[in-house]
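Asker: 3D, please:
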Amino acid sequence: MSKVTELLPQLDEHCFKLPQQQLLVQQQASIHQPRILMLYGSLRERSYSKLLTLEAARLLEVMGAEVRVFDPMGLPQPDAAPDTHPKVKELRDLAAWSEGMVWSSPERHGAMTGIMKSQIDWIPLALGAVRPTQGKTLAVMQVCGGSQSFNAVNQMRILGRWMRMLTVPNQSSVAKAFLEFEEDGRMKPSAYFDRVVDVMEELLKFTLLTRDIAPYLVDRYSERKESAEELSKRVNQKTI
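Answerer: Residues are numbered from 1 along each chain as shown. A predicted model of the protein is given here:
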């Protein structure tokens, strides 16, 4: 009997691995542009969450990222259409393509919008034994019609954890967003803009740091105990 088994008899020693620092060092770093998907949570003609998203997208592009912004117009409600629907397929393909994401929502009735939640709900937790969002980075932002609040970003952080994403510590909440954008849609210079710069910079750093080692970071003992077939059966159980 090994020392590990002696100390922890309930442990499956064949599936147990000691964390190793050398495996956290990128042996050969990827050189392609970081791939960032951006989602926003409003369909209004003048949507401040969209304007904030587009401003953040410009920042990310200047920083060297490849950015895709998903337009939620025409996306059906979850379960109201098959997952072969063109907008659903577009969203899922972009989620698979991305290495990081930005979620930006208005706060409505003290929460993120239904438009924002619907997009996240259409991104599956699993496709077979593959989790499309696991180990990818995430930054969260919100716009407020009145005073500054953090309800939407806090909710999105919970969802990011549920989707097994690496959510960066910084975040953006823009109070009285209608005062923070010019008529042409560009964000005015302000402390709010500076915070958006901070958040995008942090997101890109975390993406560069983790994208090559994400599989190791999210490799779990419990899942190593399951075969790919067993895992696939478990994560694809029908909702009762």
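
Asker: Residues in a beta bridge with the residue nearest to the spatial centre of the chain, which ones?
Answerer: Taking C-alpha atoms, centre = their mean, the centroid of the chain lies closest to Leu138, which sits 3.8 Å from it. Note on Leu138: beta-bridge partners Met101, Thr167, judged by DSSP bridges.

Asker: separation between it and Leu51?
Answerer: Distance, Leu138 to Leu51, using C-beta to C-beta, to the nearest Å: 20 Å. No exception for glycine: its C-beta is placed from N, CA and C like everyone else's.

Asker: what does Met38 give?
Answerer: Going from Met38 to Leu51 by C-beta to C-beta gives 12 Å.

Asker: picking that back up, hang on, the residue nearest to the centre of the chain packs against Leu166?
Answerer: Yes - contact criterion C-beta atoms under 8 Å: Leu138 and Leu166 qualify, at 6.7 Å.

Asker: For Leu209, grab the count of nearby residues.
Answerer: Residues lying near Leu209 (other C-beta atoms under 10 Å) number 15.

Asker: Lowest-scoring secondary structure element of the chain by mean pLDDT?
Answerer: Ranked by mean pLDDT, DSSP states H and E, the weakest helix or strand in the chain is helix 228-235, scoring a mean of 64.

Asker: For the host helix or strand of Ile36, output the C-alpha coordinates as PDB.
Answerer: Assigned by DSSP states H and E, Ile36 belongs to strand 35-40. What follows is strand 35-40, C-alpha atoms only, in PDB (Å, rounded to 0.1, in the frame of the first residue of the first chain):
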ATOM      1  CA  ARG A  35      -9.800  35.200 -30.400                       C
ATOM      2  CA  ILE A  36     -12.400  37.100 -28.400                       C
ATOM      3  CA  LEU A  37     -16.200  36.800 -28.800                       C
ATOM      4  CA  MET A  38     -18.300  39.700 -27.600                       C
ATOM      5  CA  LEU A  39     -22.000  39.400 -26.600                       C
ATOM      6  CA  TYR A  40     -24.300  42.300 -25.700                       C
END
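
Asker: who does it pair up with?
Answerer: Applying DSSP bridges, strand 35-40 is found paired with strand 66-69 (parallel), strand 100-108 (parallel).

Asker: Centre of the chain to it, how far?
Answerer: Centroid separation between strand 35-40 and its chain, computed with C-alpha atoms, centre = their mean, to the nearest Å, is 8 Å.

Asker: what about the longest helix in this protein?
Answerer: helix 191-210 (DSSP state H).

Asker: Tell me the first helix or strand C-terminal of that helix.
Answerer: Downstream of helix 191-210, the first helix or strand assigned by DSSP H and E is helix 214-217.

Asker: other SSEs contacting that following helix?
Answerer: Contact partners of helix 214-217 among helices and strands, from 3 or more C-beta pairs under 8 Å, 6 or more residues apart in numbering; DSSP states H and E: none.

Asker: buried sites along that helix?
Answerer: Residues Ala214 are the ones in helix 214-217 that count as buried (16 or more other C-beta atoms under 10 Å).

Asker: residues in contact with the closest residue to Leu217 other than its chain neighbours?
Answerer: Spatial nearest neighbour of Leu217, chain neighbours left out: Gly135 (5.8 Å); criterion: C-beta to C-beta, 6 or more residues apart in numbering. Applying C-beta atoms under 8 Å, 6 or more residues apart in numbering, we find Gly135 in contact with Arg164, Met165, Leu166, Thr210, Ala214, Pro215, Leu217, Val218.
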